[in-house]
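S.K.: Sequence first, then the predicted structure:
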Amino acid sequence: MSKTSTASAGIDTGKRKLDVAIDDRPEQLQIENSAEGHRRLSSWLRRQKIGRVGIEASGGYEQPVVEQLRADGFVVIVFQPAQVRASGPRTTASTRR
């Protein structure tokens, strides 16, 4: 039996911009957090053969892009900020220099 994996992307949401990275790949994208940007993002994710997207809840700024991506057929998982902080890299005073 073969094991398959769904390619995933993560989005960091800001009021004006979305920063997108793909798991285990060098491709990244920064795009406007606007209706046109959401359409371009969806197209880019499709070209990258992404099936699942994780995005951090960000005071509602994430809601329009989540709606667009779900309407376009992507599986979108919205994480609470505490979940993201708990799973992210640890920083210490020595790693911030």
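M.R.: Done, it's in.
S.K.: In three-state terms, label the residue positioned nearest the centre of the chain for me.
M.R.: In the chain, the centroid-proximal residue (Cα atoms, centre = their mean) is Ile11; its distance is 2.1 Å. Under DSSP: H, G, I helix; E, B strand; the rest coil, Ile11 falls in the strand class.
S.K.: Report the separation between it and Arg47.
M.R.: Distance of Ile11 to Arg47, given as Cβ to Cβ, to the nearest Å: 16 Å. All C-beta atoms are positioned from the backbone trio N, CA, C, and that covers glycine.
S.K.: what is the rounded mean pLDDT of the longest helix along the chain?
M.R.: Assignment by DSSP state H gives helix 35-47 as the longest helix of the chain. On average, the pLDDT along helix 35-47 is 97.
S.K.: Can you name the element that comes right after that helix?
M.R.: strand 52-56 (DSSP states H and E).
S.K.: now the next helix or strand after that next one: mean pLDDT?
M.R.: Remark: after strand 52-56, the chain's next helix or strand is helix 63-71, criterion DSSP H and E. For helix 63-71, mean pLDDT is 97.
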